[in-house]
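Peer 1: next input, structure requested:
(chains A and B)
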Amino acid sequence: MAEVDLVMEFSYGWCTFTLSFGGQSISIKNHWANDRFPELLRCVNSLLDGAESVSCRWQGPAQEGHFVDLVADPDGGVSVAVHRFPHPDGSEFSEIWSAERGESVFGAHLALAEFTVVLAAALRRVRATAVDASGMIRDYPRPFPQSEFERIETRAARYGYHPKSLAELEDLSTPST
Amino acid sequence: MKLAHSVVAAGVFVASGFLFTPAAAEAAANTSASACLQGFEGPSVIVNSYGGLNLRCGDPTKGILHIDSSHPIDQHGADDVHVDRCMNNIVGLGSPVSANPGNSAKRITRPSGGWAQIVWDTGTKDVITMYTSDNNNWAACAAFPN
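Peer 2: Residues are numbered from 1 along each chain as shown, chains lettered A, B, ... in the order given. Next up, the predicted model:
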């Protein structure tokens, strides 16, 4: 089975979501002014609650962006698709918030359990390394969606996920002698 | 430099009682994009004001520092005038672009087809970001509509 990797990085007001699977990889950027990070987590939780398909927009500061679509199958799998917005130069509400899909830029099918575990680990890393004491994400002036994260982590635990400590995440564990 | 200007402006106010205008105060607060990028100014210092909007040095999430992170501005001053004029052109001559609640946006489209856009916080009137469609072409944006 191909290995999946999900990474969330926050820098200079952007959340960059990198999806890698089966030799393909894509990074899509969401600007804090159109913060859709909590929406992505809500989408995943909806899927884990039994929804068959969910969709999340992932937008820049104005009109450019991507759709992330997730479809669960009866066999415990999940299909992931990323499409560009259909009107990258749009200026009207009907263009920018169009439900149409543009060019397909990523597609994968994997076990929902694997997807959930890998996403939980990615979110745990963000929570441990990119969120300040007040709960705000550094360099991204929005609060970390703690409750949605905890729901995903709880579900992932049923699939065998074990959260890493801060020391493990930062590779600070003392080397054995 | 900014402090010296402020002192002069305040002195004019004290001496005349009439000559200190909001425009003079705004000019006294101005700095350049390159000064922001070189760390000479704080986040609230205004780089350019036009149409009621303020472009500030900012921080990683808004203003000059944020713009530069994705749409590089020359740190040595080559883009200073272009950035200011670009903002003036978009704000003064641009058409509204639909924006997320809480934000507003405008855009100019050059005859050649390239465009430049600005996004600001509707409440604070502070510029969040500004960029062009053609690889940070600040000079072309400044020269609009040519």
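Peer 1: all helices for the chain, in order.
Peer 2: Because you didn't say which chain, this covers chain A. A:37-48, A:93-96, A:112-129, A:146-158, A:166-169 (DSSP state H).
Peer 1: oops, chain B please
Peer 2: Assigned by DSSP H, the helices in chain B fall at B:2-16, B:22-29, B:33-37, B:63-70, B:80-93, B:138-142.
Peer 1: any idea which of these has the lowest pLDDT on average?
Peer 2: Sorting these by mean pLDDT places helix B:2-16 lowest, at a mean of 37.
Peer 1: so which residues on chain B come close to chain A?
Peer 2: B:60-62, B:65-66, B:69-70, B:95-100, B:102-103, B:105, B:107, B:115, B:117, B:119, B:128-129, B:133 (CB under 8 Å from any CB of the partner chain). Heads up, the C-betas are built off the backbone N, CA and C, glycines and all.
Peer 1: for chain B, what are the nearby residues on chain A?
Peer 2: A:11-14, A:31-34, A:59, A:61-63, A:89-93, A:95-97, A:139-141.
Peer 1: got the contact list for the nearest residue in space to B:Gln75 that is not next to it in sequence?
Peer 2: The shortest distance from B:Gln75 to any residue other than its chain neighbours is 4.6 Å, reached at B:Leu37 (CB to CB, 6 or more residues apart in numbering or on different chains). By CB atoms under 8 Å, 6 or more residues apart in numbering or on different chains, the contact set of B:Leu37 is B:Ile64, B:Leu65, B:Asp68, B:Ile73, B:Gln75.
Peer 1: and if we set it to 7 Å?
Peer 2: B:Ile64, B:Asp68, B:Ile73, B:Gln75 (CB atoms under 7 Å, 6 or more residues apart in numbering or on different chains).
Peer 1: do the same with B:Gly113
Peer 2: The contact partners of B:Gly113, taken as CB under 7 Å, 6+ apart, number zero.
Peer 1: same thing with A:Asn30?
Peer 2: By CB under 7 Å, 6+ apart, the neighbours of A:Asn30 are A:Trp14, A:Cys15, A:Phe17, A:Arg36, A:Phe37, A:Trp58, A:Gln59.
Peer 1: neighbours of the residue lying closest to A:Asp89 once chain neighbours are set aside, how many?
Peer 2: Distances taken as CB to CB, 6+ apart put A:Gln63 closest to A:Asp89, at 6.7 Å, once the chain neighbours are dropped. Neighbour count for A:Gln63, taken as other CB atoms under 10 Å in any protein chain shown: 24.
Peer 1: let me see the backbone angles for A:Gln63.
Peer 2: phi -100, psi -20 (degrees, to the nearest 10).
Peer 1: pull the contacting residues for it.
Peer 2: The contact partners of A:Gln63, taken as CB under 7 Å, 6+ apart, are A:His87, A:Pro88, A:Asp89, A:Gly90, A:Ser91, A:Ile96, B:Val97.
Peer 1: give me the distance from the lowest-mean-pLDDT helix or strand in chain A to the chain's centre.
Peer 2: When each helix and strand of chain A is scored by mean pLDDT, DSSP states H and E, helix A:166-169 comes last, with a mean of 82. On the basis of CA atoms, centre = their mean, to the nearest Å, helix A:166-169 sits 21 Å off its chain's mean C-alpha point.
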